[in-house]
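Colleague: let's see this in three dimensions:
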Amino acid sequence: MVTSNSSPPPRQKLPWIRTPLLESSALSKAAGCRVFMKMDLFQPSGSFKSRGVGNLCLKAVESRPGPIRFYSSSAGNAGLAAVNAARMLGQEATVVVPESTTELMKAKIRLAGGHVITHGASWKEADDYIRGLLEVDDQGVYCAPFDHPDVWEGNATLIGEIIDDLGGAPDAIIASVGGGGLFCGIQGGLEEHGLPNVPILAVETEGAASLNASLQAGELVTLSEITSIATSLGARQVASKTFELAKRPNVKSLVLSDAQAAMACCKLMDDERIAVEAACGVSAAVIYYGLLAKVIPNLNPESRVVLVVCGGSNVTVEILAGYRKKYGPGDILGDTSDTNIPVTHNI
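Modeller: Numbers count the residues shown, from 1 in each chain. Next comes the predicted model:
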């Protein structure tokens, strides 16, 4: 008997985890329906980026022999996700960050095992520098932060988990939008499971609302600058795929203020004992400021709405305390009937 030694290599361990779906009494009371938090802040990197960037890294490792060095030009959560995925897959990662990057994020990237290079005044300069590094590194792989099919595919895994845990389809999903990698994953996951009509509330902050601006204009718009505190939403232009999928009738685009995003972060800490960036808090603000029922008026007390708690690592107790001091009183919930929120419906 002849034994073959040519069996395929074992499947790599996934660089992301299945996260819990937790029903929130506080958010449910504020919303007037059942609200479930998809806790992707528990991912290895501290944000949902572990799914998409992790999937991109996983596919690269499985498709090419030998060692790989991953390169990311994200100064935030995508860079941290690339480093965590690289470490879990037994590879190395370099993150090139602009000069504006906080020491907090640099320290977290280094602690996770990444090599940090500071270059340029903006993300574009850091990204251009990485392109030069890739040209001279045969082992180099570029980690796109949001605009890549492998990223969307990884983020789509979130939907299957939600459906499994709910035992069926949600009545709506609320999620923040930066460049649109998470949004594309959600939309693709819903389509994959035969649920293209589930409403998605795509939420941005003023000063980083490139998707809403594009929907209003009917074409891709590039913002002149990012002025929001929610820097993780700071894509001056969303991916073309994001714009394409956002024009579907199940999408509602909302824009809230920095103050609302910040105070929702504080409220989440008070209610659920979790710390998230303003880029995540802005989605919770949809509920805390009484906007969910205005955007989807047919919800009832038994409706099940999923809030994607996408996380983010650029947050500390001091940052949250600063938000509370700058933006509002201890209780942020009051009469918000006159709140003027730009909403784009089914464009």
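Colleague: how far away is V309 from A239?
Modeller: Distance of V309 to A239, computed by Cβ to Cβ, to the nearest Å: 22 Å. Every C-beta, even on glycine, is put in place using the N, C-alpha and C of the backbone.
Colleague: of these two, who's got more company?
Modeller: Remark: of V309 and A239, V309 carries more neighbours, 29 against 24, as counted by other Cβ atoms under 10 Å.
Colleague: isn't the more buried one up against A279?
Modeller: No - distance between V309 and A279: 11.4 Å, which falls outside the contact criterion (Cβ atoms under 8 Å).
Colleague: need the residues that contact the lengthiest helix in the chain.
Modeller: Using DSSP state H, we find that the single longest helix of the chain is helix 149-166. For helix 149-166, the surrounding residues in contact (Cβ atoms under 8 Å, 6 or more residues apart in numbering) are 16, 18-21, 36, 38, 40, 48, 51-56, 58-59, 144-145, 169-170, 173, 181-182, 184-186, 188-190, 192-193, 195, 241, 304, 306, 308.
Colleague: double-check that V116 belongs to a helix.
Modeller: No - V116 is assigned strand when assessed by DSSP: H, G, I helix; E, B strand; the rest coil, not a helix.
Colleague: okay, strands next: where are they in the protein?
Modeller: With strands called from DSSP state E, the chain shows them at 21-23, 34-39, 69-72, 92-97, 115-118, 140-142, 172-176, 200-205, 251-256, 304-309, 343-345.
Colleague: which of those strands comes out lowest on mean pLDDT?
Modeller: Here the lowest mean pLDDT among these goes to strand 343-345, at a mean of 49.
Colleague: hmm, back to that, in helices, which of the contacts of helix 149-166 fall?
Modeller: 51-56, 58-59, 181-182, 184-186, 188-190, 192, 241.
Colleague: restricted to buried residues, select those in PyMOL.
Modeller: A single PyMOL command selects the buried members of these (16 or more other Cβ atoms under 10 Å):
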select buried, resi 51+52+53+54+55+56+58+59+181+182+184+185+186+188+189+190+241
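Colleague: show me what contacts the closest residue to F183 other than its chain neighbours?
Modeller: In this structure, F183 finds its nearest non-sequential neighbour in V177, 5.0 Å apart by Cβ to Cβ, 6 or more residues apart in numbering. Residues near V177 by Cβ under 8 Å, 6+ apart: F183, A202, V203, E204, L211, L233, V238, T242, S253.
Colleague: now do the end-to-end distance for stretch 135-150.
Modeller: 22 Å (Cα to Cα, to the nearest Å).
Colleague: got it, and stretch 201-210?
Modeller: Stretch 201-210 has an end-to-end distance of 15 Å (criterion: Cα to Cα).
Colleague: likewise for stretch 40-58?
Modeller: End-to-end distance of stretch 40-58 (Cα to Cα): 19 Å.
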